[in-house]
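**Student:** dropping the sequence and predicted coords here.
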Amino acid sequence: MAKKISKRTKTKPRAVSLPASVAKLKKTIAAQAQEIREGQEQQAATSAILRMIARAPMDIQPVLDTMAEYAARLCGADDAVIWRVENDRLRAAAHFGSIRLVNEVGTLAPIEQGGFAGRAMQEARTLHVRDLRDAEAEFPGAKERGIAVGVRTALAVPLLRDGKPLGLIHIRRLKVQPFTEQQIRLVETFADQAVIAIENVRLFQESQQRNHDLTEALEQQTATSEVLQVIASSPSDLQPVLDTVIANAVKLAGAKQGHIRQYDGEFLQLVAYYNETPETIEALTPSRPVPESLNGRAFLERRPVQRIDARADYVQDESDYQSPGRVAGACSVLAVPLLREGIATGTILIWRDFVQPFTERQVDLVRTFADQAVIAIENVRLFQELKEALEQQTATSEILGVIASSPTDIQPVLDAIAENAARVCNANDASIRLAEGNMLRLAAHHGPIPSFAAAELPIDRDSVVGRALVERQLIHIEDLLSVVATEFPRTQTSTEQEGTRTVLVAPLIREDVPIGTVLIRRTEVRPFTEKQIALLKTFVIKPSSRSRTCGCSRN
């Protein structure tokens, strides 16, 4: 027992080292507490960044700005820079700290060859240098950048996606003080988060673009279907189709205004427009297709043409787009020809009141609408031809029916000829005169124009009908009022009273003997077409002599 007690008393001297142990323990606890605090701060920082990424997947700038600040503060660096790769160059996307950047935030710079950050990018790995000045031989490119602004310790962590660098996080100190393993891991965590943020933006943009493309395709398909429906529902009425075509072309191509012109053999005539102001419409006068105008160039070259900023090209000439362009404030202008079997038949012109080129897709879209307009025009033309042929056949059948039912009475036949001639040729009235001796007697009349001319007119050149019979020629006068005083004085008074403007008269010839005339009239200046002239000839016996025109006729 005594021996055991003595052994216990020998352990008492250990109490002498207790203060040192307590100090060591406090130091250890303080270090652990600091490490816990740093870990908590780092965890809080990474969590905050992830929340920012989740809240705003398309807004990457606040994420990069916050990341640069956290990287500098939590790693005790004098600054932090986040770089992004763009077309084999680097752009400073975010910066926090006191060290001056050689290239300001937002500017592009080449990836430095032989530099510290450039090496990290090229080798796609984290680089950490204790003293950049001592490592100048290893990184000669750093002399004019990092070393020039006083950098000593540096850390560069590339942003890697599938081994390919998307950018770089670069933190720096102005004194020699290596970064700890924990700080390096933190920056590498930030790099991974930056890649996530960049990828989120890329995927979101791709998704948005796909949605935009799908929406655009659907809008185009809907517009095309709408035009085709109008074409189907209006086989004989071109105007609703052209109105729908220009409205869709303007809206879907991102323009403000636009119009369609058709070529009449001499001029490009306005036939449809969308969102044009009254002042602009007034300025859209008929114009010849000259190369100085955008419409003219598109028509003559048979291809789409555009001016990105037409304001610089406005001059005083015949250019049809320039005058309305000045009125409307047109900037970017696009003209697309209407082509049928390679031949230009008109144009579509749209414009914006701001400078922005029309994209290739938008040009192709307007081309599609131009093709639809051509289809509609051709459909109406074919429909009109069929209608005219049917009307002609019906009129001929009706006259033959009257002839068959009245073999001894010519009056019903003449009345039927007058009625059908007016209707089929779209005239205001028609009259038939028969020759009796040296006079032309009014035998039949159909239409609302009152007849102030004498019931009988001498067969001479002083009246339109008399001259047609004397010369045995078809006479077409675009505006009778402009020539009646000098050419046909016998009917000047009656012409002025009746308000007759455009006239077409054909002689009735039987066995080469003139027996009368068929006259059709309009109270407006609107020449008869070649088809209408041909239709009138079907109601008369064709003369052997050549037809002639008078006045300003186009036929």
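**Tutor:** Nice, thanks for sending it over. Residues are numbered from 1 along each chain as shown.

**Student:** most residues in a single helix of the chain, which one?
**Tutor:** Identified as the longest helix of the chain according to DSSP state H is helix 181-233.

**Student:** show me the strands in the stretch 301-450 of the chain, by range?
**Tutor:** The residue ranges that make up the strands of the stretch 301-450 of the chain, judged by DSSP state E, counting those that start in this stretch, are 305-307, 333-340, 343-351, 429-436, 439-446.

**Student:** who wins for proximity to residue 366 among these?
**Tutor:** Using CB to CB as the criterion, the shortest distance between residue 366 and these is 4.7 Å, found for strand 333-340. Where you see a C-beta, it was placed from the backbone N, CA and C, and this is true even at glycine.

**Student:** list the strands paired with that closest one, with their directions.
**Tutor:** For strand 333-340, sheet partners with direction are given as strand 305-307 (antiparallel), strand 343-351 (antiparallel), following DSSP bridges.

**Student:** could you redo these as a markdown table and give each row distance to residue 145, mean neighbour count and mean pLDDT?
**Tutor:** Formatted as a markdown table, the entries for the strands paired with strand 333-340 read as follows, by distance: least, CB to CB, whole Å; neighbours: other CB atoms under 10 Å; pLDDT from 0 to 100:
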| stretch | distance to residue 145 | mean neighbour count | mean pLDDT |
| --- | --- | --- | --- |
| strand 305-307 | 45 | 21 | 92 |
| strand 343-351 | 49 | 24 | 93 |
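
**Student:** tell me which of these sits nearest to residue 501.
**Tutor:** So among the strands paired with strand 333-340, strand 343-351 is nearest, using CB to CB, at 27.5 Å.

**Student:** how about the CA coordinates for the closest one, as CSV?
**Tutor:** Extracted as CSV, the C-alpha positions of strand 343-351 are listed here (Å, rounded to 0.1, in the frame of the first residue of the first chain):
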residue,chain,number,x,y,z
ILE,A,343,-40.6,37.8,-115.8
ALA,A,344,-41.1,40.7,-113.3
THR,A,345,-44.8,41.8,-113.0
GLY,A,346,-44.5,44.1,-110.0
THR,A,347,-42.9,44.7,-106.6
ILE,A,348,-43.4,44.5,-102.9
LEU,A,349,-41.7,47.2,-100.9
ILE,A,350,-41.5,47.4,-97.1
TRP,A,351,-39.6,49.7,-94.8
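
**Student:** next one: it to chain centre, how far?
**Tutor:** In this view, strand 343-351 has its centroid 14 Å away from the chain centroid, taken as CA atoms, centre = their mean, to the nearest Å.

**Student:** chain center to the longest helix of the chain: distance?
**Tutor:** Here helix 181-233 shows a centroid-to-chain-centroid distance of 21 Å under the convention CA atoms, centre = their mean.

**Student:** confirm residue 235 sits in a strand?
**Tutor:** No: Residue 235 is assigned coil when assessed by DSSP: H, G, I helix; E, B strand; the rest coil, not a strand.

**Student:** let's number from 22 now, not from 1
**Tutor:** Done: numbering now begins at 22, and the last item shifts to residue 256.

**Student:** find me the pLDDT at it, would you?
**Tutor:** Turning to residue 256, the model gives it a pLDDT of 71.

**Student:** what sits against the residue nearest to the spatial centre of the chain?
**Tutor:** Centre of the chain computed as the mean C-alpha position; nearest residue by CA atoms, centre = their mean is residue 274, 2.4 Å away. Residues touching residue 274, when contacts are defined by CB atoms under 8 Å, 6 or more residues apart in numbering, comprise 355, 371, 379, 383, 386-387.

**Student:** how many neighbouring residues does residue 149 have?
**Tutor:** Residue 149 is flanked by 18 other residues according to other CB atoms under 10 Å.

**Student:** report the beta-bridge partners for it.
**Tutor:** Residue 149 forms beta bridges with residue 176, as assigned by DSSP bridges.

**Student:** and the gap between it and residue 246?
**Tutor:** Going from residue 149 to residue 246 by CB to CB, to the nearest Å gives 63 Å.

**Student:** one more: residue 553?
**Tutor:** With distances defined as CB to CB, the gap from residue 553 to residue 246 amounts to 36 Å.

**Student:** go through stretch 112-128 and flag the buried ones.
**Tutor:** Using 16 or more other CB atoms under 10 Å as the test for burial, stretch 112-128 gives 112-118, 120.

**Student:** can you flag which of these belong to helices?
**Tutor:** With helices taken from DSSP H, there is no overlap with the buried residues of stretch 112-128.

**Student:** out of these, which comes closest to residue 132?
**Tutor:** After measuring these against residue 132 - CB to CB - the closest member comes out as residue 112, at 10.9 Å.

**Student:** hmm, the closest one is touching residue 128, no?
**Tutor:** Yes: contact between residue 112 and residue 128 holds when scored by CB atoms under 8 Å: they sit 6.9 Å apart.

**Student:** hmm, who's touching stretch 154-167?
**Tutor:** Residues lying outside stretch 154-167 but in contact with it, judged by CB under 8 Å, 6+ apart, are 123, 133-137, 139-140, 150, 153, 168, 172-173, 175, 193.

**Student:** just the buried members of the residues you listed?
**Tutor:** The neighbour-count criterion (16+ other CB under 10 Å) marks 133, 136-137, 139-140, 150, 153, 168, 172-173, 175, 193 among those as buried.

**Student:** out of the contacts of stretch 154-167, who's nearest residue 76?
**Tutor:** Out of the contacts of stretch 154-167, the one with the shortest distance to residue 76 is residue 193. That distance is 30.0 Å, counting by CB to CB.

**Student:** quick one: strands adjacent to the host helix or strand of that closest one?
**Tutor:** When secondary structure is defined by DSSP states H and E, residue 193 falls within strand 185-194. Looking at strand 185-194 with DSSP bridges, its partner strands are strand 100-107 (antiparallel), strand 174-182 (antiparallel).
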